[in-house]
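Enquirer: Provided below for reference: sequence and predicted model.
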Amino acid sequence: MGKITVETCEIEGLKVITPTVFGDNRGYFMETYNYNDYKEAGIDQIFVQDNQSASKKGVLRGLHFQIHYPQDKLVRVLKGEVYDVAVDLRADSPTFGKWFGVLLTEENKKQFFIPKNFAHGFLVLSDYAEFAYKCTDFYHPNDEGGLAWNDPDIGVEWPIPEGMELIQSEKDTKWGGIKEYKAE
């Protein structure tokens with residue numbers, strides 16, 4: 001392997017990946033994805049769609065998931081800084097409803113692997129951020145699900161600086177909590 005370092009998280013399946021960056025006076029080079037390296041690290045997925053978004057400071061996207069067409073995701077920040085969160089929605093998991101967060105920045109170049117059946121969201125901490133992610137299934141607009149970003153039963157500790165005004169889509173302000181999700 002050698003080109004990536006993989007940290008496992010306290011929630012099984014989640015992984016934080018740090019690529020090897022080769023830099024000199026011209027700039028830097030890194031592989032952002034190499035199937036063989038990821039397979040060796042236990043991430044043996046075929047990604048079928050790449051997405052990219054841009055957001056300004058205070059944007060909170062999530063917590064999202066696909067209901068019938070769940071996706072594995074490999075996420076990273078191209079520009080800026082975000083706090084990225086995954087919530088375990090696997091019904092048979094001992095960590096169901098637990099969350100894990102990681103700071104992804106253009107400087108640390110970390111990536112976050114989120115398996116199927118996790119809710120996902122992020123908060124933009126820099127003035128501007130570009131976010132990219134690979135998915136193992138296509139987006140199905142009629143298959144969206146979500147959880148309230150501030151559900152006390154999940155208890156995500158978002159690093160919201162004092163005075164930061166959150167910016168959300170209308171849809172993201174209306175999701176229910178994990179108790180409603182379990183009842184479905």
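Expert: Perfect, thanks for sending it.
Enquirer: mind showing which ranges of this structure have poor pLDDT?
Expert: 1-2, 183-184 (pLDDT under 70).
Enquirer: Show the residue spans covered by the strands in the protein.
Expert: Under the criterion DSSP state E, the chain contains strands at 4-8, 15-19, 22-24, 27-29, 49-56, 60-66, 73-79, 81-88, 99-105, 111-114, 118-124, 128-135, 144-146.
Enquirer: To residue 162, which of those lies closest?
Expert: Nearest to residue 162 among the strands of the chain is strand 118-124; the distance by CB to CB comes to 14.2 Å. In short, each C-beta sits where N, CA and C put it, glycine included.
Enquirer: That closest one packs against which elements?
Expert: Packing partners of strand 118-124 (3 or more CB pairs under 8 Å, 6 or more residues apart in numbering; DSSP states H and E): strand 60-66, strand 73-79, strand 81-88.
Enquirer: That one: partners in the sheet, and parallel or antiparallel?
Expert: Applying DSSP bridges, strand 118-124 is found paired with strand 60-66 (antiparallel), strand 81-88 (antiparallel).
Enquirer: so which of the ones you listed is the most packed in?
Expert: Comparing these on average neighbours per residue, with mean count of other CB atoms under 10 Å, the densest one is strand 81-88 at a mean of 24.
Enquirer: Measure how far it is from the centre of its chain, please.
Expert: 5 Å (CA atoms, centre = their mean, to the nearest Å).
Enquirer: now do stretch 25-32
Expert: With CA atoms, centre = their mean, you get 24 Å for stretch 25-32.
Enquirer: And for stretch 98-116?
Expert: 6 Å.
Enquirer: From the centre of this structure, point out the most distant residue.
Expert: Distance from the C-alpha centroid of the chain peaks at residue 25, with 31.9 Å (CA atoms, centre = their mean).
Enquirer: Show the backbone phi and psi for that residue.
Expert: phi -70, psi -10 (degrees, to the nearest 10).
Enquirer: need the strands paired with strand 118-124 in a markdown table with distance to residue 105, can you?
Expert: What follows is the strands paired with strand 118-124, written out as a markdown table (distance: least, CB to CB, whole Å):
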| stretch | distance to residue 105 |
| --- | --- |
| strand 60-66 | 17 |
| strand 81-88 | 4 |
